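In: Using only what follows, build the 3D model:
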Amino acid sequence: MMKINEILEYLPHRYPFLLVDRVTEIEKGVSIKGYKNISFNEPFFQGHFPDNPIMPGVLIIEAMAQLSGILGFVTVGRKPADGVVQYLAGSSKARFKRPVLPGDRLDMEAEFLSGKRGIYKFECRALVDGEVVCTAEILTAEREV
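Out: Down below sits the predicted model:
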């Protein structure tokens, strides 16, 4: 398990853009699981949508990319403190199955598919109460900063 202080060592994101609260399982080079608790106080609910708040799909993709980035860092044995970041480089095959609402816990899973020259590909799923809400393939790119 990885709690927030260790997550902050792997992700350069901070409030309001840090979208991983906890990593529950991680196997280097294989897979990772984690979650984000979705509070009504999330800043994006003010405009998306005021009378019918739902988590923007692009932020679900971003949350899965952040979780995948942690797996990428752990797999190569590096951290942002080493002068590198994992950027979201692309997504494909994204499907949204149901809205994510305030009070939901967004469980996420990513499996490592391939990696070459700092570009990593992951198969990702996001679930709420065991129901799939989003699937996508995510690409991250490791770059020096």
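
In: ok, the residue nearest to His48 when sequence neighbours are not counted - how many residues close by?
Out: The spatially closest residue to His48, leaving aside those adjacent along the chain, is Pro56, at 5.2 Å (Cβ to Cβ, 6 or more residues apart in numbering). Every C-beta, even on glycine, is put in place using the N, C-alpha and C of the backbone. Counted by other Cβ atoms under 10 Å, the residues lying close to Pro56 total 15.

In: unless I'm mixing things up, Pro56 is touching Phe44, no?
Out: Yes - contact between Pro56 and Phe44 holds when scored by Cβ atoms under 8 Å: they sit 5.8 Å apart.

In: State the next helix or strand along the chain beyond the lengthiest helix in the chain.
Out: The longest helix of the chain (DSSP state H) is helix 57-76. The helix or strand immediately downstream of helix 57-76 is strand 84-96, counting by DSSP states H and E.

In: So which elements touch that following strand?
Out: When contacts are defined as 3 or more Cβ pairs under 8 Å, 6 or more residues apart in numbering; DSSP states H and E, strand 84-96 packs onto helix 57-76, strand 131-144.

In: which parts of the last one are buried?
Out: Of the residues in strand 131-144, those scored as buried under the neighbour-count criterion (16 or more other Cβ atoms under 10 Å) are 133-142.

In: Great, nothing more from me.
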